[in-house]
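Visitor: Below is the sequence, then the predicted model.
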Amino acid sequence: MSSMSRSAVEDLETKEMDAKSLSSSQSQSRYVHKVGIPPRQNLFKEFKSTVKETFFADDPLRSFKDQTRSRKFILGIQAIFPVLDWARGYNLTKFRGDLIAGLTIASLCIPQDIGYSKLANLPPQYGLYSSFVPPLIYAAMGSSRDIAIGPVAVVSLLLGTLLQNEIDPHTHPTEYLRLAFTATFFAGITQATLGVFRLGFLIDFLSHAAIVGFMGGAAITIALQQLKGFLGIKKFTKKTDIVSVMHSVFSSAHHGWNWQTIVIGASFLGFLLFAKFIGKKNRKFFWVPAIAPLISVVLSTFFVYITRADKRGVEIVRHIEKGINPSSVKEIYFTGDLLGKGFRIGIVAGMIALTEAIAIGRTFASMKDYQLDGNREMVALGAMNVVGSMTSCYVATGSFSRSAVNFMAGCQTAVSNVVMSCVVFLTLEFITPLFKYTPNAILSAIIIAAVINLIDYQAAILIWKIDKFDFVACMGAFLGVVFSSVEIGLLIAVSISFAKILLQVTRPRTAILGNIPSSTVYRNIQQYPEATKVPGVLIVRVDSAIYFSNSSYVKERILRWLMDEEEQVKENYQTKIQFLIVEMSPVTDIDTSGIHAFEELYRTLQKREVQLVLANPGPVVIDKLHTSSFATLIGEDNIFLTVADAIAYCSPKLAREP
């Protein structure tokens, strides 16, 4: 065979192969994949799967699989007391880090505890008690390596405000103290219950924005409350709102202020703020702001003692009970009218304390790249507060300022809490008489310096930039605390957080989709202006599950999109809308009300001579559409895997229209 005839044959074969390939590709392009229907699950399996994902999403029993009975018992004990697990690898190097961190946070916690107990309207020794027993319980049961346990400003103020509304701490000190122990007991019960029943997701309903606003407002309220001790005012309002406090401050300006007290407070506040500045400038000097409060207490106490400034109107601590925590089991109200009041106060204080502790624990866990079991933390915090209520403590939780110092001091494990507790024990046993001449002004200065960090204005600015509704929640909580009370601010924070959830659920986003040029991709025409609408077709995407709470809105919103589109079509003499495609990729679920809404939408569209088409419903949705016979109603040929498939189906029909 000649070379010319051979090349002609090869060309013919090539053309035949190209023709076959083209025919094959065309047949493949015409093939449309149908939406798969998942296999039906029985009711028990479905219920079991839902419960597991709701309460056991982290699969807490994973480590127990394929283990012997004795090993399972050991793992169970370690789950309750994590100290039995990490203590096996404990060594001298880790202890050195924990010892330094524990001593550092002890120097910070002692003066803070005395001041925070005053916020709770309790004698100063109860603040120290709350940094002795609870840290020991947490060290055995907690899973965070960095969190420092003890009284905190926000919870102390909240507890003091709520208790004061029920009992006057000055006229009925014994009943007030008993109610404080009762509230602490139920705060612990609340925390432990949430952990045992794995209900930790409930605290997530208080949004980050609301917490930022609440904390900022509480910080200002706490600082304003300290003006009593800072200025030496004896008669001061019991209210916490800014208007009442400032009125009380200025009304006593002529006869109630004590200049010696102001000099002491202002001098040491300046020293504390300068120490904070040094610590922020250079992380190597983290210990400077940590020991500054104790140095301030020692120097101011010595100054008052040698000058006898207490004789000139400078208010001093006077007396701190010596010795470790006495038992308070019999002091808790388990019957009577005050039981219910202690229960209500305990729930509120427990939830706020829990929110703060979990937030702090997660923050430092992410820095050191280890996992924090939220439910285990709740059980640990609850147990320590229950035990604390029986040993003369009030509500303790994680302190951000102390935890930050603990972290920077190089803590390795929860042993740093044990070291701090031991120092507090020695203080209670031997040193408390030395605090007799400590001026109240220095405690006020320490608290003011501590709570300044709670005002996170940078976070508020970021919230404003990201989400305006979140900013409303933030400012609502902030203004509620500052201008009304801590509980009102908390109520506003929770209410706005729930309002946001309800708004998102009842008014989900919808969007019109267009085709991205030279592709089969369909996207929101507002996000992609270059995306073009398909003549005769309206493509709508619903960005939410469709439930009873939003089904009517979704139906009405889709019809409004259709009406708007039809008006534009008439004005521009374009092809009449004949197909409405609902892109259902984001629709994770649909209930009976949602299906009824789609049935009504289908009937309305029929009257307008518009065909309803669905694209890419998920497994749960398609299963319910078939179970309810809605898929049969609109025709299974009108349910497609992608929007592109749906358009390919609609386009030939549009082309056949006269």
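Guide: Received, thanks. Only a predicted model underlies this, so the values are computations on that prediction, with no experimental measurement involved. Numbers count the residues shown, from 1 in each chain.
Visitor: Show me the shaky parts of the protein.
Guide: Residues of the chain that meet the criterion pLDDT under 70 lie in 1-32, 41-43, 54, 57-59, 652-658.
Visitor: From the centroid of it, which residue is nearest?
Guide: When the chain is reduced to its mean C-alpha position, the nearest residue by CA atoms, centre = their mean turns out to be residue 204, at 4.5 Å.
Visitor: any idea how far residue 430 is from the residue lying closest to residue 318 once chain neighbours are set aside?
Guide: Once flanking residues are discounted, residue 318 sits nearest to residue 436: 6.1 Å by CB to CB, 6 or more residues apart in numbering. No exception for glycine: its C-beta is placed from N, CA and C like everyone else's. Noted for residue 436: a distance of 14 Å to residue 430, by CB to CB, to the nearest Å.
Visitor: Any idea how many residues pack against residue 245?
Guide: Residues near residue 245, counting by other CB atoms under 10 Å, number 21.
Visitor: Can you tell me the element it falls in?
Guide: Using DSSP states H and E, residue 245 sits in helix 242-251.
Visitor: buried residues in the next helix or strand after that helix?
Guide: Remark: after helix 242-251, the chain's next helix or strand is helix 259-281, criterion DSSP H and E. Using 16 or more other CB atoms under 10 Å as the test for burial, helix 259-281 gives 260, 261, 264, 265, 267, 268, 269, 271, 272, 275, 276, 279.
Visitor: could I get those as JSON lines with distance to residue 236?
Guide: As requested, the buried residues of helix 259-281 are exported to JSON lines (distance: CB to CB, whole Å):
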{"residue": "260", "distance to residue 236": "18"}
{"residue": "261", "distance to residue 236": "13"}
{"residue": "264", "distance to residue 236": "18"}
{"residue": "265", "distance to residue 236": "15"}
{"residue": "267", "distance to residue 236": "22"}
{"residue": "268", "distance to residue 236": "21"}
{"residue": "269", "distance to residue 236": "19"}
{"residue": "271", "distance to residue 236": "25"}
{"residue": "272", "distance to residue 236": "22"}
{"residue": "275", "distance to residue 236": "28"}
{"residue": "276", "distance to residue 236": "27"}
{"residue": "279", "distance to residue 236": "32"}
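Visitor: Find the pair from those residues with maximum spatial separation.
Guide: 260 and 279 (29.2 Å; CB to CB).
Visitor: Using the three-state scheme, assign residue 136.
Guide: helix (DSSP: H, G, I helix; E, B strand; the rest coil).
Visitor: that older thread, the helix holding residue 245 - contacts with which helices or strands?
Guide: Helices and strands touching helix 242-251, by 3 or more CB pairs under 8 Å, 6 or more residues apart in numbering; DSSP states H and E, are helix 208-225, helix 227-231, helix 468-483.
Visitor: out of those helices, deepest packed?
Guide: helix 208-225 (a mean of 25; mean count of other CB atoms under 10 Å).
Visitor: Check the gap between residue 301 and residue 426 for me.
Guide: Distance from residue 301 to residue 426, by CB to CB: 18 Å.
Visitor: what about those two, which has more around it?
Guide: The residue with more neighbours, out of residue 301 and residue 426, is residue 301; 19 against 11, by other CB under 10 Å.
Visitor: Just give the nearest non-adjacent residue to the more buried one, would you?
Guide: The shortest distance from residue 301 to any non-neighbouring residue, by CB to CB, 6+ apart, is to residue 438 (4.6 Å).
Visitor: Tell me if I am right that residue 149 is in a strand.
Guide: Yes: under three-state DSSP, residue 149 falls within a strand.
Visitor: Run through the neighbouring helices and strands of the longest helix seen in the chain.
Guide: Determined from DSSP state H, the single longest helix within the chain is helix 337-368. Counting contacts by 3+ CB pairs under 8 Å, 6+ apart, helix 337-368 is packed against helix 153-166, helix 173-196, helix 374-389, strand 397-399, helix 400-408, helix 486-506.
Visitor: so which strand or helix has residue 102?
Guide: helix 92-119.
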